[in-house]
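Novice: the following block contains a protein sequence and its predicted model.
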Amino acid sequence: MKTSRRSFLIAGAGLASSVALGGRALAGPAKLEESDPVAIGLGYRHDATLIDKAAQPKYSPGEHCGNCQLFQGQAGEQWGPCPIFAGKLVATAGWCSAYAKKA
């Protein structure tokens, strides 16, 4: 079976592009930025201890994403998914005004 140079180059280009695209798919969801419009609207911060109590009167010390009912991350992880910020990860130590204490 003889393979031409052209067939080899085409197959190699296809393999290289599928590896490159596959790497992107495995990268997973992006981390939520505090500058995201939804994050701004909900007063999200990566570090709940930095919440301005005057600007966010609903906040109580000790509240953070890790003990919020909406947080879907695993114990011990620093970032996890939250349905409020679909497709993005929030910091376990973070907080937003959608906080609901875990039962």
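Specialist: Cool, the structure landed. Residues are numbered from 1 along each chain as shown.

Novice: if I pick the nearest residue to F85 once chain neighbours are set aside, what's in contact with it?
Specialist: Among residues not flanking F85 along the chain, L32 sits closest, at 5.0 Å (CB to CB, 6 or more residues apart in numbering). For every residue, glycine as well, the C-beta is placed using N, CA and C. Residues in contact with L32 (CB atoms under 8 Å, 6 or more residues apart in numbering) are A39, Y44, C82, F85, K88, L89, V90, A91, G94.

Novice: tell me the one of these nearest K102?
Specialist: For the contacts of L32, the closest approach to K102 (CB to CB) belongs to C82, at 12.7 Å.

Novice: this structure: strands as residue ranges?
Specialist: Along the chain, the stretches classed as strands by DSSP state E are 30-31, 79-81, 88-91.

Novice: I51: which of these is closest?
Specialist: Closest to I51 of those is strand 88-91 (CB to CB; 12.6 Å).

Novice: show me what that closest one is packed up against.
Specialist: Packed against strand 88-91 by the contact rule (3 or more CB pairs under 8 Å, 6 or more residues apart in numbering; DSSP states H and E) you find strand 30-31, strand 79-81.

Novice: look up phi and psi at the residue nearest to F85.
Specialist: Per-residue torsions, L32: phi -70, psi 130 (degrees, to the nearest 10).

Novice: mind putting the strands of the chain into a markdown table with distance to C65, mean neighbour count and mean pLDDT?
Specialist: Output for those, formatted as a markdown table (distance: least, CB to CB, whole Å; neighbours: other CB atoms under 10 Å; pLDDT from 0 to 100):
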| stretch | distance to C65 | mean neighbour count | mean pLDDT |
| --- | --- | --- | --- |
| strand 30-31 | 12 | 12 | 96 |
| strand 79-81 | 7 | 18 | 97 |
| strand 88-91 | 5 | 22 | 98 |
